[in-house]
Structure formats: structure tokens, C-alpha cells
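Q: Structure for the following, please:
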Amino acid sequence: MTLNLRDADQQPSASNARAVRKMRSHPYHRFLTGIMLGMILTVVCGWFTPLLAQPHDRVTHTILAQIFPDSPVTTPSEQPDSAPDLVEDFVPSIPVDIDGHWAADCLSELAVRGAFPVNDLEESDLFDDLLDNDVVLGVTRVYPEAPATWSVVADILNRNFPTGDAYGGATAVERALQLPSPVTVLYTYPGQYYDPDRAITRVEVITALAAKAGLPYTARANELVSKSLTDGDRVPDFGLEGVAAALAAEVLVNYPESQTLAGDRIATRGEVAALVCQAKSGLLRSTLSPSWVATPADLPPQTEPEEEVRGVWLTNIDSDVLFSQENLAEGIQRLKAMNINTLYPVVWNMGYTQYPSSSAAYWLGREKRLWPGENPRFERNQGDRDMLQELIDLAHAEGMAVIPWFEFGFMAPADYALRTERPEWFTQRQDGTQEIQMGEEVFTWMNPFHTQTQRLLLILMDEVLKNYDVEGIQVDDHLGLPVDMGYDPYTVALYEKEHDGQSPPLDYTDPEWMRWRADKITEFMGSVRRVIDQRKPGALLSVSPNPYPFSYAQYLQDWPQWEAAGWLDEIIVQVYRDDLDRFAWELNKPATVGASQTTPTSIGLLSGLRGRPTDVDLLTEQLEAVRDRDYAGVSYFFYQSLWNPGRETAEERNNQFRASFSQSAQRP
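A: Down below sits the predicted model:
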């Protein structure tokens with residue numbers, strides 16, 4: 001029932017809507033309106049009386065069935081999904097502008113719950129264009145065909161998926177959506193695209209919904225989107241993860257063709273409502289026809305690439321694979337059966353070399369130390385054995401590349417003899433402390449700016465390249481400096497020399513102070529590149545850093561600058577995460593994605609630690625995610641933990657690895 005304030009022969013047009021609204025305050029019209037509203041109230045009360053004894057969800061269902069007899073509404077469950085509290089002073093009312101709309105039931109249910117904005121366009125220029133010829137007063141409108149702006153989408157999502165405050169450092173769009181964590185599928189959305197008043201595309205809405213509703217990442221996102229949707233190849237990069245998450249969760253509503261996304265089309269408010277209803281459960285989801293929901297494709301086993309880095313780090317900590325030639329031979333055969341093609345054996349650990357080194361004998365007073373601590377009996381039994389040469393011979397015979405790993409970089413054990421002999425080689429915090437607790441161990445840090453410590457590392461790297469037939473050398477996250485260090489006398493004097501006598505800032509996170517130290521480490525990496533090119537042209541410089549910007553914020557390691565300078569031949573980003581969501585989120589970090597466009601970039605996987613194995617199912621998902629996002633390959637940390645089962649049996653673990661690497665692959 002509607003109320004028309006004009007005579008029957010004077011039907012107003014939409015352009016007269018504002019004039020009609022001005023007439024509402026006239027005393028005569030208020031009198032007539034009061035009489036008519038009283039009549040309406042009498043009729044409506046009689047209509048609602050039989051419903052008053054029914055539960056709220058049953059009342060809503062009955063009303064919808066009477067008003068929209070052809071809608072797909074089904075009987076609500078006994079325990080419907082929870083709904084946000086109604087807005088204060090909000091009076092539930094069926095919207096008058098949804099008749100005939102394909103998502104009418106969903107829109108109506110959201111409106112009566114106060115979970116959808118109503119009558120919010122009355123003061124906008126768009127309002128006149130959306131009205132019918134009759135101006136109706138005292139009713140609810142949701143404007144289902146109006147374009148959805150960022151502000152409207154944020155409002156709808158916040159009403160239906162309350163999350164509280166946004167995390168510190170959130171972008172403007174993340175603040176608008178009140179996202180409590182950056183680990184969402186919206187992370188790679190370009191910040192400059194956000195404008196509260198801009199009408200946004202369906203892909204943007206879907207990505208925002210997936211982030212707000214906390215839909216999990218899916219391992220094979222690109223493949224799922226391309227194989228499920230007829231226009232999946234048109235989804236922009238920033239929306240791939242969100243669309244894939246919505247697909248996998250079966251909340252992607254595409255009307256009228258369920259498998260066609262039309263992602264670049266401006267979304268309507270009605271489409272936003274449908275996505276929300278499908279993402280909820282119970283009654284809200286039942287308001288939509290399942291035929292409008294995209295079905296995710298059943299993906300076949302993932303195709304193995306013909307070229308792929310398949311690496312394993314070989315350690316002398318929590319592993320005995322390096323401790324005898326027999327162990328090495330057995331280990332390499334196990335890795336060969338797994339079609340591993342690259343080995344990264346440790347050669348610089350705990351302040352000593354793991355291979356016989358005349359340079360180490362001169363500088364450190366010890367030719368080698370294979371055990372990761374003092375163990376004289378073990379070292380005597382090793383005799384003159386050359387672990388590195390044995391490994392090279394065995395690996396090359398099986399077609400594997402060997403890239404010796406200078407694991408510790410500038411880090412050293414706290415009880416390092418050199419610290420007593422040459423204290424000026426070590427750095428410190430402002431308070432003079434030097435120790436760093438890492439797990440159960442205590443370490444210290446050699447000064448990466450001191451010419452002598454730099455010379456020591458360069459000599460050892462040159463020695464390996466000169467004396468061994470290796471494919472290159474590798475450094476990792478320890479070739480940097482903890483951000484709170486650098487206040488030793490040598491570094492302070494160097495800084496003052498380059499800053500007209502000014503001392504380093506007391507705030508170790510001061511941007512200029514951080515940049516100065518990071519640039520010095522970058523200069524050292526340039527020296528490493530020159531040593532390789534002079535000693536063994538064509539040999540690889542491999543770097544295995546933490547993800548950026550963590551690497552810079554914590555260790556002043558600006559490896560994207562090294563890559564941009566053209567110094568790196570291989571990057572293996574350590575993404576040691578125990579869940580797929582954070583793992584996939586890390587894969588989408590701009591620095592990692594950017595590096596992969598110009599330099600072979602692989603991902604380091606944590607196969608387990610001592611007493612903390614990684615389930616093989618998670619490792620399989622992570623491998624699938626790496627391949628799906630077109631990275632160069634993977635490397636596992638570390639050898640021994642490859643064979644330690646998680647929740648699976650040892651046989652199941654071994655079989656899964658063999659299935660993941662069932663065919664051999666060349667290094668890219």
C-alpha cells in the first residue's frame with residue numbers, strides 16, 4: 001500500500017522529487033498524512049496479528065513468502081545465522097524498490113535486520129534518477145541498481161562482519177574496512193585506487209568481501225580462477241587471491257551466468273547484498289538460488305614444471321649428514337630419488353669453516369671445525385677429511401648443483417675466541433651490550449663495516465671459488481646487522497667522519513641512520529659480486545634473505561637494492577610459515593613479486609625444526625602455491641627434517657614428496 005500526496009491526475013516525475021519532499025512540512029499535508037497513516041496502521045496491525053506468536057526468523061520468512069511468492073526463499077533453519085543488532089531507532093520495513101529484482105529476498109532480509117543502508121541516497125543527485133514516477137513517502141528504499149561506492153561497500157561489510165578497529169599501519173581502505181590484520185587477500189590492492197566516493201568494480205567488491213569475511217587463501221589461486229570462470233583471464237592481479245578465495249568458499253555470486261564474473265563491471269548495491277548473503281549462512285544464504293553461485297572447478301594434479309629449482313640446505317646442526325662420507329652418499333641418493341637438483345651445504349658456521357681452509361687457519365687459528373661447537377674427539381676422528389670436496393664429487397655425479405652456503409655471515413657465537421683476540425672487530429648496542437639471544441643459543445655480531453671483517457669474509461669466499469668446482473656461493477639473512485646495533489667506536493667514528501662530526505642518532509630506527517648502515521652493507525655486497533666475477537666468471541651469487549621489508553627493518557638488509565643493481569643470480573626468500581594464509585600472503589609481497597620478474601626467485605620452505613616437524617600436507621600446499629604463482633622453485637630447510645614425519649607416517653611423507661617431484665627438472 002502506498003501514499004500519494006498529489007491528485008490522481010497530477011502524477012509527479014522523478015525530477016520533482018525534491019519539491020515533493022519540501023511539501024512534507026505543510027500543516028495541511030501533515031494532517032492528511034496523519035489520517036492516512038492511522039488507516040494504514042489499522043490494516044497492518046490486523047495483518048501482523050497472526051504472526052506475533054512466531055519466532056522472528058519465521059515472521060520474516062512468512063512476510064517474504066507473501067510479498068514475493070515466486071522468490072527462492074526456503075524454510076529457515078532452526079538456528080539461523082547471527083545478525084548484527086538493529087540500528088538504534090531503526091524500524092524494520094520491507095524495501096519498496098526491490099520488486100522484480102533477482103536478489104529481492106536477500107535485500108529485504110538485510111534491510112529488516114538493519115544490515116544494509118536504506119534511504120541513504122535521498123539527498124544525492126542519483127536519487128531522482130532512481131525513483132519511479134510516483135513519489136512514495138514513509139517507505140524504505142535500498143536502491144538495488146545504484147552503483148556501489150567504496151563507502152557503501154565498507155558500510156555494508158562492517159555491518160555484517162564486525163571486526164573492531166583496524167591494525168596499526170593499515171592503509172586507508174583497510175581502515176575503512178576495519179581489518180584487524182594485514183594478512184588478507186586485500187593486501188596487494190593498490191592504495192591509490194581507494195576513493196570513498198568512487199563506484200567500484202565487482203572484482204574490488206569481491207576482494208573486499210573476502211578480506212572482511214576472513215576467507216582463506218587457496219593454494220592454486222590462478223589455476224582455480226582460470227579454469228572455473230569463462231573470463232577468469234581478465235581478473236586483475238590484485239583481485240586474483242580474493243576471487244579465488246570466494247570461489248573456493250562457494251560464495252561467489254554471478255547473476256545471471258554463474259561462471260561468468262564480469263569483474264570489470266561496476267557493481268550494483270544489489271550485487272553487493274547478494275555476495276554478503278551468500279557469505280553468511282542459514283536464512284540469508286537461502287534467499288539466493290544456488291544456480292547463481294559459481295562452482296569451483298575440480299583441479300587435476302598440478303603439472304610439474306620442466307625447469308625448477310629444487311634445493312635442500314645441508315646443515316651441521318641437528319643433522320649428521322655431513323659427518324662422514326657414508327652419510328653423504330646415503331643422503332645424496334635419497335635426495336636423488338626425490339629429484340632434488342641443488343644442494344646448499346654449510347661452509348661457514350659458528351665462526352669457523354666446515355672445509356679445510358688455509359685462510360681460516362691463518363686468521364682464526366683453526367683450519368676447520370665441522371662440529372657446531374667444541375668437540376675435540378669428533379674433530380680428531382675427522383682427520384684430514386674434506387667434507388666439501390666429497391659432497392661435490394657425489395652430487396656432480398648425480399647431476400646436482402652445489403652452491404656452498406656462508407650461513408653465518410657476520411654473526412658469531414658469543415664465546416667466539418676472536419671476540420677476545422680482536423674486540424674491535426665486533427659491534428654493539430648503545431649500552432655496550434653485544435649478546436643476542438636466539439632460542440637456546442647466544443650470539444654476537446662482527447662489525448659489517450669494519451674493513452678487516454669484510455676482508456675475512458671476502459677471502460673465504462674467494463678461497464671456495466678458487467679451490468672447488470662449485471656453481472656459486474650463497475649468503476643469507478645473517479649478512480646484515482641487527483637494527484639496534486652499530487654503536488661501536490669504529491662505526492660511530494666512520495659515521496661522524498661522513499656527517500661533519502655529528503654522532504649517530506640515539507634512535508636506532510631513525511630513517512637516515514638505518515639507510516646509512518643499510519647502504520654500507522649494500523656496498524659490501526657489491527664487493528662480493530666483484531670477487532665472484534674476478535675469481536670465477538659465470539659463478540652464481542645466490543642470496544637467501546627474509547621477506548622484505550622485514551629484512552630491512554630488522555637486519556638492515558636491503559636485498560631489493562642488490563637485485564636492482566644486477567648483482568644477484570638467484571634469490572631464495574625464506575617464507576617459513578606454518579599456515580597457508582600467511583605463506584600465500586608473503587608470496588604476494590611486492591618486493592618478492594618484483595624480483596621474480598627479472599631474477600630467478602625461489603621460496604624457502606621450512607620442512608621442520610628439531611622437535612617441531614612440518615606436516616607434509618602443508619608442505620604440499622605450499623609447493624602448489626609456489627608453482628601456481630610462477631616462482632622459480634623451492635628449497636627446503638633442512639635435510640634432516642625432510643624425513644621427520646608430522647601427523648603423517650614416515651612412509652606417507654616419503655610418498656608425498658616423491659609424488660610432488662615425480663619427474664626430474666633442470667635448474668632455470
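Q: Residues in a beta bridge with the closest residue in space to residue 197 that isn't next to it in sequence, which ones?
A: Closest residue to residue 197 apart from its sequence neighbours, by C-beta to C-beta, 6 or more residues apart in numbering: residue 149 at 5.7 Å. Heads up, the C-betas are built off the backbone N, CA and C, glycines and all. Residue 149 has these beta-bridge partners by DSSP bridges: residue 199.
Q: my guess is residue 149 contacts residue 204, does it?
A: No: counting by C-beta atoms under 8 Å, residue 149 stays clear of residue 204, with 10.6 Å between them.
Q: neighbour-wise, which of those two wins?
A: When residue 149 and residue 204 are compared for neighbours, residue 204 comes out ahead with 27 against 18, by other C-beta atoms under 10 Å.
Q: For the closest residue to residue 327 other than its chain neighbours, give its distance to residue 493.
A: Of all residues not flanking residue 327 in the chain, residue 321 sits nearest, at 5.1 Å (C-beta to C-beta, 6+ apart). When distance is defined by C-beta to C-beta, to the nearest Å, residue 321 is 44 Å away from residue 493.
Q: Which residue of the two possesses the greater neighbour count?
A: Using other C-beta under 10 Å, the more surrounded residue of residue 321 and residue 493 is residue 321, with 22 against 11.
Q: host element of that one?
A: Using DSSP states H and E, residue 321 sits in no helix or strand.
Q: what about the chain, any weak spots by pLDDT?
A: 1-92, 124-138 (pLDDT under 70).
Q: center of it, which residue is that?
A: The chain has residue 585 as the residue nearest its centroid, 0.9 Å off, counting by C-alpha atoms, centre = their mean.
Q: Would you confirm that that one contacts residue 188?
A: No: if you go by C-beta under 8 Å, residue 585 and residue 188 don't touch, sitting 9.0 Å apart.
Q: ranges for the strands of the stretch 251-400 of the chain?
A: 309-314, 342-345, 348-349, 352-353 (DSSP state E, counting those that start in this stretch).
Q: ok, residues contacting the second one?
A: Think strand 342-345. By C-beta atoms under 8 Å, 6 or more residues apart in numbering, the surrounding residues in contact with strand 342-345 are 309-314, 322, 332, 335, 354, 387-388, 391, 395, 400-405, 474, 542, 544, 635, 667.
Q: how many other residues sit next to residue 619?
A: Residue 619: 22 neighbours (other C-beta under 10 Å).
Q: With residue 556 instead?
A: 25.
Q: Go ahead and confirm it touches residue 516.
A: No: under the criterion of C-beta under 8 Å, residue 556 is not in contact with residue 516, lying 9.4 Å apart.
Q: okay, and the common contacts of these two?
A: With C-beta under 8 Å, 6+ apart, residue 556 and residue 516 have no common neighbours.
Q: Just the helices from the stretch 551-668 of the chain, written as ranges.
A: Under the criterion DSSP state H, counting those that start in this stretch, helices of the stretch 551-668 of the chain are mapped to 559-564, 580-587, 590-596, 616-628, 639-642, 650-660.
Q: An error on my part: the question was meant for the stretch 101-250 of the chain.
A: Going by DSSP H, counting those that start in this stretch, the stretch 101-250 of the chain shows helices at 104-113, 125-130, 150-160, 172-176, 202-212, 221-228, 237-248.
Q: so how far is the last one off the chain centroid?
A: Remark: helix 237-248 is offset 12 Å from the chain centroid, using C-alpha atoms, centre = their mean, to the nearest Å.
Q: Now do that helix: everything it contacts.
A: 185-186, 188-190, 203-204, 206-211, 215-218, 221-222, 224-225, 228-229, 232, 235, 252, 261, 263, 275, 279, 294, 296, 584, 588.
Q: PyMOL command for the buried members of those residues?
A: With 16 or more other C-beta atoms under 10 Å as the criterion, this PyMOL line picks the buried residues out of those:
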select buried, resi 185+186+188+189+203+204+206+207+208+209+210+211+215+217+218+221+222+224+225+228+229+232+235+252+261+263+275+279+294+296+584+588
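Q: so who does the nearest residue to residue 419 once chain neighbours are set aside touch?
A: Nearest-residue entry for residue 419: residue 426, 5.6 Å, with adjacent residues in sequence omitted and distances by C-beta to C-beta, 6+ apart. With contacts taken as C-beta under 8 Å, 6+ apart, residue 426 has the following neighbours: 412, 419, 434, 444-447, 488.
Q: Could you list the buried residues of stretch 661-668?
A: Here stretch 661-668 shows 661, 665, 667 as buried, counting by 16+ other C-beta under 10 Å.
Q: For the second one, give me its contacts.
A: Each residue near residue 665 by C-beta under 8 Å, 6+ apart is listed here: 304-308, 310, 339, 341, 633.
Q: So it versus residue 315, what's the distance?
A: For residue 665, the distance to residue 315 - C-beta to C-beta - is 24 Å.
Q: Same check on the last one?
A: Taking C-beta to C-beta as the criterion, residue 667 is separated from residue 315 by 21 Å.
Q: before we move on, which element is residue 474 in?
A: Using DSSP H and E, residue 474 falls in strand 472-476.
Q: can you give me the angle that strand makes with strand 309-314?
A: Angle, strand 472-476 to strand 309-314, by axes from the mean of the first three to the mean of the last three C-alpha atoms, to 10 degrees: 70 degrees.
Q: Relative to strand 472-476, what are the paired strands and their orientations?
A: Applying DSSP bridges, one finds strand 472-476 paired with strand 405-406 (parallel), strand 540-544 (parallel).
Q: Which among those strands is found nearest to residue 566?
A: strand 540-544 (10.3 Å; C-beta to C-beta).
Q: mind saving the C-alpha coords of that closest one as CSV?
A: Output of strand 540-544 as CSV, limited to C-alpha atoms (Å, rounded to 0.1, in the frame of the first residue of the first chain):
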residue,chain,number,x,y,z
LEU,A,540,76.3,-17.6,-9.2
LEU,A,541,75.7,-15.2,-6.4
SER,A,542,72.7,-16.7,-4.5
VAL,A,543,71.0,-14.8,-1.7
SER,A,544,68.5,-16.3,0.8
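Q: Give me the buried stretch members for stretch 541-551, please.
A: Quick answer for stretch 541-551 (16+ other C-beta under 10 Å): 541-548, 551.
Q: and which of those is nearest residue 350?
A: So of those, ranked by how close each gets to residue 350 (C-beta to C-beta), first place is residue 544, at 18.0 Å.
Q: The closest one reaches residue 636, doesn't it?
A: No: using C-beta under 8 Å as the test, residue 544 is too far from residue 636 to be in contact (11.9 Å).
Q: what is in contact with the two at once?
A: residue 604.
Q: Tell me how far residue 658 lies from residue 498.
A: 56 Å.
Q: now do residue 312
A: Counting by C-beta to C-beta - residue 312 and residue 498 are separated by 42 Å.
Q: Give the buried residues for stretch 372-392.
A: Neighbour counts over stretch 372-392 (16+ other C-beta under 10 Å) mark 372, 382, 385-388, 390-392 as buried.
Q: Please identify the buried residues of the strand or helix carrying residue 493?
A: According to DSSP H and E, residue 493 maps onto helix 489-498. Under the neighbour-count criterion of 16+ other C-beta under 10 Å, helix 489-498 has 490-491, 494-495 buried.
Q: can you check stretch 422-434 too?
A: Neighbour counts using 16+ other C-beta under 10 Å place 422, 425-429, 434 of stretch 422-434 among the buried residues.
Q: how about the helices in the stretch 301-450 of the chain?
A: Using DSSP H, counting those that start in this stretch, helices in the stretch 301-450 of the chain cover 325-337, 358-364, 376-382, 387-397, 417-421.
Q: and the first one, what does it pack onto?
A: Think helix 325-337. Secondary-structure packing of helix 325-337 (3 or more C-beta pairs under 8 Å, 6 or more residues apart in numbering; DSSP states H and E): helix 387-397.
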